[in-house]
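> With the input below, show me the fold.
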Amino acid sequence: MRAVITLYDKAVALVSGRVPEGLALLLARLALAGVFWRSGRSKIVEGTWTAISDSTYYLFAEEYSNVPLPSDFAAVMATAAEHIFPVLLVLGLFTRGAALGLLGMTMVIQIFVYPEAWWPVHSLWAALCLMLIVRGGELFSADALIAGRRQS
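The predicted structure follows:
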């Protein structure tokens, strides 16, 4: 039994290091960024980088009408956020702030748009956001480079 406990302790020490944690947080950043980036790209006129489609404005006016913001404003803000925050997450730049912004978006979507989607979709997004808010970008992030320079 003691050998099993020792083996377990070694395995925990191995996966608890900075590199495994940094890799796990990198994967969390990429997964969350991918979800919101794809959503943001679906709101843009094909072949452009910034032109919001008429169907997006319609969607916010009709299907997302419970959001307590003017629909045109909400469409622009959501589209911008779904492009800016994912890029920040991929870079690991202002990770905590980007994750907080996406958590806010997730909660707006949950409360006002798709309240039936907590399990399994929004709960996973919220968990990823919260993990990144608590831990930050860690080792493989621009945040870590900036923090290292500040300490030097």
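> Mind checking what secondary structure His84 has?
No, residue 84 isn't His; it's Ile. Classification of Ile84 by DSSP: H, G, I helix; E, B strand; the rest coil places it in helix.
> Renumber starting at 29 from here on
New numbering, starting at 29: the last item is Ile112.
> So, low pLDDT: which residues of the protein?
Along the chain, segments meeting pLDDT under 70 span 180.
> contacting residues around Ala39?
Contacts of Ala39 were listed using Cβ atoms under 8 Å, 6 or more residues apart in numbering, and none were found. Bear in mind the C-beta positions are built from the backbone N, C-alpha and C, glycine included.
> how much space between the residue nearest the centre of the chain and Asp82?
The centre of the chain sits closest to Leu60, judged by Cα atoms, centre = their mean, with a distance of 3.9 Å. Applying Cβ to Cβ, to the nearest Å, the value for Leu60 to Asp82 is 28 Å.
> again, but for Ala103
Applying Cβ to Cβ, the value for Ala103 to Asp82 is 10 Å.
> In terms of neighbours, single out the busier of the two.
More neighbours surround Ala103 than the other of Ala103 and Asp82, with 22 against 9 (other Cβ atoms under 10 Å).
> secondary structure class for that one?
helix.
> check contacts around it.
Ala103 makes contact with 71, 80, 84-85, 87-88 under the criterion Cβ under 8 Å, 6+ apart.
> again, 7 Å this time
The neighbours of Ala103, taking Cβ atoms under 7 Å, 6 or more residues apart in numbering as the test, are 80, 84-85, 88.
> What about the residues you listed, which one has the most neighbours?
Result: Phe88 is most packed of the contacts of Ala103 (other Cβ under 10 Å), 25 neighbours.
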